[in-house]
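Participant: one predicted model, sequence on top.
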Amino acid sequence: MFRAAAKGRDLQLDNAGVIGGNEVFQDRETGSRWQQSSLQAISGPLKGEHLELYPFLLTDWGEWHRLHPDTLVLKPLASYADRIAERNEMIRQGLSGKGSAPPDVLRVDDRLKAKTMVLGLVVGGSDEAFPLTVLRQALVINEEIGGQPVLVVHQPTSDTTTAFIARVKGRRLKFRAANADATELIDEQTKSRWNPYGDCISGAFKGSQLTSVILEPEYWFAWSEFHPDTKIYVANEQKPQAGPGMVN
């Protein structure tokens, strides 16, 4: 999800095909074409400009409705409503990790299977990918990316994943789950309690809010194509796998 604006101008974008196995959009205002994964204009008057990621939460309806009980739901057009079951099945198959990358992908990284679902982070100019299967096992991850302490939290019941800079008032914090569903966390430094959305609910830091960072859900083939030096987080406190050409 991104802000459809560049150089102070709102944009309307339409699908314009696929390049390198990745969708491309064209804005109606200038005719510039934008790559989905890089969010960069690859041709037209705005070539070289980047769209800004918009904060969002990837979750299920039950968790979203719990957080936002008064939310409005967009009613699909009749022509699309008939296709919802088919689209949902495509999503389920996609999350299975099976299948190969599209034939026109420009760069293949075989450290993971092509359709492994990952959640990518870019912090301080460094990239790291967190496979969904690993998140479901680890639940709470304390990591350093781009020189910043990063907290990643996965709630297995709803497959909700959130990420934050793990620092409050200049103090670096390390977290662990307080229950089996990671719906509550404890920081090791002050034993304050936090919810998985970065809010401190009790303890020394009560009322504080961690700064969130935006996770990007992608197939591995798409993330690695546009983040060639990305690391991959692996479980059991092993070191992340470095990208090609990087030094471990």
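Facilitator: On my side now, so go ahead.

Participant: alpha carbons only for contacts and neighbour counts from here, please
Facilitator: Noted.

Participant: and stretch 15-31, how far out from the chain's middle?
Facilitator: Distance of stretch 15-31 from its chain centroid, counting by C-alpha atoms, centre = their mean, to the nearest Å, is 21 Å.

Participant: now do the buried residues in it.
Facilitator: Gly21, Asn22, Val24, Phe25, Gln26, Asp27 (16 or more other C-alpha atoms under 10 Å).

Participant: do me a favour and get the end-to-end distance for it?
Facilitator: Distance across stretch 15-31, first residue to last, is 12 Å (C-alpha to C-alpha, to the nearest Å).

Participant: neighbouring contacts of that stretch?
Facilitator: 11-14, 32-37, 44-46, 101-106, 222 (C-alpha atoms under 8 Å, 6 or more residues apart in numbering).

Participant: could you list the low-pLDDT ranges of this structure?
Facilitator: Residue ranges of the chain with pLDDT under 70: 90-97, 236-248.

Participant: how does it divide into domains?
Facilitator: 2-53, 59-248 (automatic domain parsing).

Participant: now the helices: where do they sit in this structure?
Facilitator: 61-67, 78-81, 84-95, 132-138, 220-226 (DSSP state H).

Participant: now the first one, how far from the chain's geometric center?
Facilitator: I take that to be helix 61-67. With C-alpha atoms, centre = their mean, you get 19 Å for helix 61-67.

Participant: return that helix as PDB; C-alpha atoms alone will do.
Facilitator: Output of helix 61-67 as PDB, limited to C-alpha atoms (Å, rounded to 0.1, in the frame of the first residue of the first chain):
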ATOM      1  CA  TRP A  61     -11.100  -9.700   9.800                       C
ATOM      2  CA  GLY A  62     -11.600 -10.900  13.400                       C
ATOM      3  CA  GLU A  63      -8.600  -9.000  14.700                       C
ATOM      4  CA  TRP A  64      -9.300  -5.900  12.600                       C
ATOM      5  CA  HIS A  65     -12.900  -5.800  13.900                       C
ATOM      6  CA  ARG A  66     -11.700  -6.200  17.500                       C
ATOM      7  CA  LEU A  67      -9.400  -3.300  17.100                       C
END
